[in-house]
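1. Next one to model:
(one chain, ligands or ions: 1)
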Amino acid sequence: MAYLQLNKIEKYFGAHRAIKGIDLTIEKGEFVVFVGPSGCGKSTLLRLIAGLETIDGGNLRLDGRDITALPSSRRDLAMVFQSYALYPHMTVFENMSFALKLAGVDRAIIRQKVGKAAEILDLGKYLDRTPKELSGGQRQRVAIGRAIVRDPKVFLFDEPLSNLDAALRVQTRIEIAKLHRELGATSIYVTHDQVEAMTMADRVVVLRDGQIEQHGAPLDLYDRPANRFVAQFIGTPSMNVVPAGALPHLAALAGTEGDADGFVGIRPEHVRLHPPGQQSAADSLPATVDIVESLGVETLVYARLENNTQVITRGSERRDLQPGDRTRLSFDPTAVHHFDRLGNIRAA
Ligand code: ATP
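-> Residues are numbered from 1 along each chain as shown. Just a heads-up that it's a prediction; the model follows:
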């Protein structure tokens, strides 16, 4: 049964059609992540669901009820923003209890709900502090706590971790994922961050130019992208995608060498780099090293084939390579994707 249902949702900013007839169904308890390049409309779509922007076409249903025209305050949703949006002059307890107090909830119940949220979020010690006496991570936890106490039907997160430093992002990401497991709350989460999308989502929705390109479980999108855009958007570094004509060798591996105006793709971890001097497979191609990036756990090598096509390889071996070194590349024949002229995946 659909819990949240978007039917042909449209949004215009003046003449600009920012959201183009989006259909999407979200199940109760699902954690859905919206990703896509800057300007693709992910924040707008979230704000339309939240009721912070008006919907120009289509309709929105939550738990069996049409909420398209309902004001934000009556939608039973809670939004957590990147900027936290805490009241600076109020204590943590007051920030977390504010909405309940406004709604006329009994004081004993407020204390109980705030106490429970503070416990889950490890904020018990800070209830009497004001936001300026907290770290960024603690502030974001207060913002999440404020959403939890309202017991909303859906949690909406708009890039909640982007103001945090790298270590705190990881920690808070794990906390949000844990929170989702404990509360089983239906959640929609907007992010730029691949790792957040891949690790937190039950389902990733890839948006581009106001439309959904593909949605699915994170690894499904990684292993079976529907088109070239998704193939190159999901995964860091990006999938190598080159015109089939530039790599007839790969097209042949994909069994599609006749389709010269299409594209072939292969992920960096499926390209093997043979160090100079080492015996290599007969079907390997000569290449020259352009750039070597050692990340500790793995090494990325950008190499250039003789026809000038650049290929990124990724491996866990430490490489003592220099730009200009001669090497050979071979490609895992089972891992080649083939896209048609328009960039859609070609059925094998
Ligand atoms: P980012 O990742 O950069 O935040 P996004 O995917 O969240 O981008 P949106 O903020 O949803 O993108 O914007 C989608 C499109 O709508 C963009 O072209 C943007 O310029 C436009 N847009 C968003 N809000 C407004 C507004 N209030 N007025 C006019 N145009 C807007």
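
2. drop to CA atoms for contacts and neighbour counts, all remaining ones
-> OK.

3. packing partners for the one helix or strand T199 maps to?
-> Element membership for T199, per DSSP states H and E: helix 194-200. Applying 3 or more C-alpha pairs under 8 Å, 6 or more residues apart in numbering; DSSP states H and E, one finds that helix 194-200 contacts strand 31-35, helix 166-183, helix 218-223.

4. mean pLDDT for the ones you listed: which is lowest?
-> Of all the helices and strands packed on helix 194-200, the minimum mean pLDDT falls on helix 166-183 (a mean of 85).

5. residues in contact with that helix?
-> Residues outside helix 166-183 that contact it (C-alpha atoms under 8 Å, 6 or more residues apart in numbering): F31, I120, L121, G137, L161, S162, S187, E196, M200.

6. and of these, the nearest to the ligand?
-> Closest approach between these and the ligand, by C-alpha to the nearest ligand atom: S162, at 11.0 Å.

7. Neighbours of the residue of the stretch 101-250 of the chain found nearest the ligand, how many?
-> Ranked by C-alpha to the nearest ligand atom, the top residue of the stretch 101-250 of the chain for proximity to the ligand is H192, at 6.3 Å. When neighbours are counted by other C-alpha atoms under 10 Å, H192 registers 15.

8. isn't it right up against E159?
-> Yes: between H192 and E159 there is a contact under C-alpha atoms under 8 Å: 7.5 Å.

9. Quick check: pLDDT value at the residue lying closest to A281 once chain neighbours are set aside.
-> Spatially, and ignoring its direct neighbours in sequence, A281 is nearest to S330 (7.2 Å; C-alpha to C-alpha, 6 or more residues apart in numbering). Per-residue confidence (pLDDT) for S330: 92.

10. Same check on E53?
-> E53 is given a pLDDT of 96.

11. which residues touch the spatially most central residue of the chain?
-> Nearest residue to the geometric centre of the chain (C-alpha atoms, centre = their mean): A197, 3.1 Å. With contact set as C-alpha under 8 Å, 6+ apart, A197 has these partners: V33, F34, V35, T191, V204, P218.

12. What separation is there between it and R169?
-> Separation of A197 from R169 (C-alpha to C-alpha, to the nearest Å): 13 Å.

13. circling back to that earlier point, got the phi/psi numbers for the residue of the stretch 101-250 of the chain closest to the ligand?
-> Note on H192: its backbone torsions stand at phi -90, psi -20 [degrees, to the nearest 10].

14. Leaving out sequence neighbours, find the closest residue to it.
-> Closest to H192 by C-alpha to C-alpha, 6+ apart is V35, at 6.1 Å.

15. So what sits opposite that neighbour in the bridge?
-> V206 (DSSP bridges).

16. burial of it, as a residue count?
-> Using other C-alpha under 10 Å: V35 sits among 26 other residues.

17. again, but for V264
-> 32.

18. and it, what does it touch?
-> By C-alpha under 8 Å, 6+ apart, the neighbours of V264 are V241, V242, P243, A244, L247, L250, A251, V336, H337, H338, F339.

19. which one of those residues is nearest L24?
-> Among these, F339 lies closest to L24 (C-alpha to C-alpha), at 25.4 Å.

20. if I look at the closest one, how far off is A231?
-> 10 Å.

21. next one: D220
-> Taking C-alpha to C-alpha, one finds D220 at 11 Å from A231.

22. How about E159?
-> Taken as C-alpha to C-alpha, the span from E159 to A231 is 23 Å.

23. try F157
-> Applying C-alpha to C-alpha to F157 and A231 gives a distance of 25 Å.

24. okay, these two: which has more neighbours?
-> A direct count of neighbours by other C-alpha under 10 Å for F157 and A231 places A231 higher, at 25 against 22.

25. what helix or strand does that one sit in?
-> A231 belongs to helix 228-233, assigned by DSSP H and E.

26. do that helix and the ligand meet?
-> No: Helix 228-233 stays out of contact with the ligand when judged by C-alpha under 6 Å from any ligand atom, the minimum separation being 13.4 Å.

27. Going forward, the N-terminal residue is numbered 33.
-> Okay, using 33 as the starting number, the last item reads as helix 260-265.
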